[in-house]
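Asker: missing the sequence, but the structure's below:
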């Protein structure tokens, strides 16, 4: 069968946008990936450090402004660049994958426990040791698929646990496309701690904004921890505009109580 030349030209014109879409140049006013990676690293570090230590939003703002000043940008430049990257999930996932490698390398270089973790523990007046329980990837991209719509953990306590230990479940969340206020797109997180006396404590959170989340329960000095489990569950019932949920800095820590 002979193919008409005009048909081929029309077909190429129709397919051209698909090939162009595969390679999207970063606009001049958008922060480049390497620099963006460093900014996001410092930004999340400040978010974690100030989550419970700062009493006012003004103090938190001062620390975040330090990050922007350090990298020679403004908050507006950071926000607009972040919006651009969230439109291209593959680029955003690559940045967070690099951040995960960087974090793990720095912790290994600092040795067991990590100087950074020790500093955080001391500043929070948690003088006992802090142990990271999460042993999976620190970045997860959740979708509406039942095979990929949640992260979960379930740990059983051992002899190193003591009365008064606390569990801290933390992560950052960012919606890629879609609207965070859509009732069809919801995400929920929870932490449940069970004790040897058969009591339990739980706390949950609705992921209704792009932010850092820190979930913990009150310390129990009357009974030992027996087990703990938690999850982040994402549901997207909007089949016309499906979105994804990017989780970063996923962490589950066991923290000993401060010594008197």
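Answerer: Cool, the structure landed. Computed from a predicted model, the values in this text were never measured in an experiment.

Asker: how near is residue 186 to residue 219?
Answerer: 30 Å (Cβ to Cβ, to the nearest Å). All C-beta atoms are positioned from the backbone trio N, CA, C, and that covers glycine.

Asker: again but with residue 234, I slipped
Answerer: 30 Å.

Asker: try residue 89
Answerer: 39 Å.

Asker: isn't residue 94 right up against residue 34?
Answerer: No: the criterion here is Cβ atoms under 8 Å, and residue 94 misses it with residue 34 at 11.1 Å.

Asker: of these two, who's got more company?
Answerer: residue 94 (15 against 9; other Cβ atoms under 10 Å).

Asker: you'd agree the more buried one is in a helix?
Answerer: Yes: under DSSP: H, G, I helix; E, B strand; the rest coil, residue 94 falls within a helix.

Asker: what sits closest to it if chain neighbours are left out?
Answerer: residue 33 (7.4 Å; Cβ to Cβ, 6 or more residues apart in numbering).

Asker: that neighbour against residue 95, yeah?
Answerer: Yes: if you go by Cβ under 8 Å, residue 33 and residue 95 touch, sitting 6.1 Å apart.

Asker: those two: which has the busier surroundings?
Answerer: residue 95 (20 against 15).

Asker: ok, the more buried one - contacts?
Answerer: 33, 36-37, 40, 85 (Cβ atoms under 8 Å, 6 or more residues apart in numbering).

Asker: save the residues you listed as JSON lines, and put in secondary structure, pLDDT and distance to residue 243 too.
Answerer: Compiled in JSON lines, those are given as follows (DSSP: H, G, I helix; E, B strand; the rest coil; pLDDT from 0 to 100; distance: Cβ to Cβ, whole Å):
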{"residue": "33", "secondary structure": "helix", "pLDDT": "89", "distance to residue 243": "22"}
{"residue": "36", "secondary structure": "helix", "pLDDT": "89", "distance to residue 243": "21"}
{"residue": "37", "secondary structure": "helix", "pLDDT": "88", "distance to residue 243": "23"}
{"residue": "40", "secondary structure": "helix", "pLDDT": "83", "distance to residue 243": "20"}
{"residue": "85", "secondary structure": "helix", "pLDDT": "83", "distance to residue 243": "15"}
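
Asker: tell me which residues touch the residue nearest to residue 94, please.
Answerer: Neighbours of residue 33 in contact, by Cβ under 8 Å, 6+ apart: 26, 91, 94-95.

Asker: which one among those gets closest to residue 246?
Answerer: Closest approach between these and residue 246, by Cβ to Cβ: residue 95, at 10.1 Å.

Asker: phi, psi of residue 244?
Answerer: phi -130, psi 160 (degrees, to the nearest 10).

Asker: do you know the pLDDT at it?
Answerer: Looking at residue 244, its pLDDT stands at 80.

Asker: same check on residue 13?
Answerer: For residue 13, pLDDT reads 49.

Asker: just the buried residues of the contacts of residue 95.
Answerer: 36-37, 40, 85 (16 or more other Cβ atoms under 10 Å).

Asker: turn the contacts of residue 95 into JSON lines, including distance to residue 249.
Answerer: Formatted as JSON lines, the contacts of residue 95 follow (distance: Cβ to Cβ, whole Å):
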{"residue": "33", "distance to residue 249": "18"}
{"residue": "36", "distance to residue 249": "16"}
{"residue": "37", "distance to residue 249": "14"}
{"residue": "40", "distance to residue 249": "10"}
{"residue": "85", "distance to residue 249": "16"}
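
Asker: go through the residues you listed and name the one nearest residue 191.
Answerer: residue 40 (25.0 Å).

Asker: flag every buried residue along stretch 27-43.
Answerer: Neighbour-count burial for stretch 27-43 [16+ other Cβ under 10 Å]: 30-31, 36-43.

Asker: which one of those is nearest to residue 71?
Answerer: residue 39 (5.0 Å).

Asker: helix, strand or coil for the closest one?
Answerer: helix.

Asker: ditto for residue 31
Answerer: Classified using three-state DSSP, residue 31 is coil.
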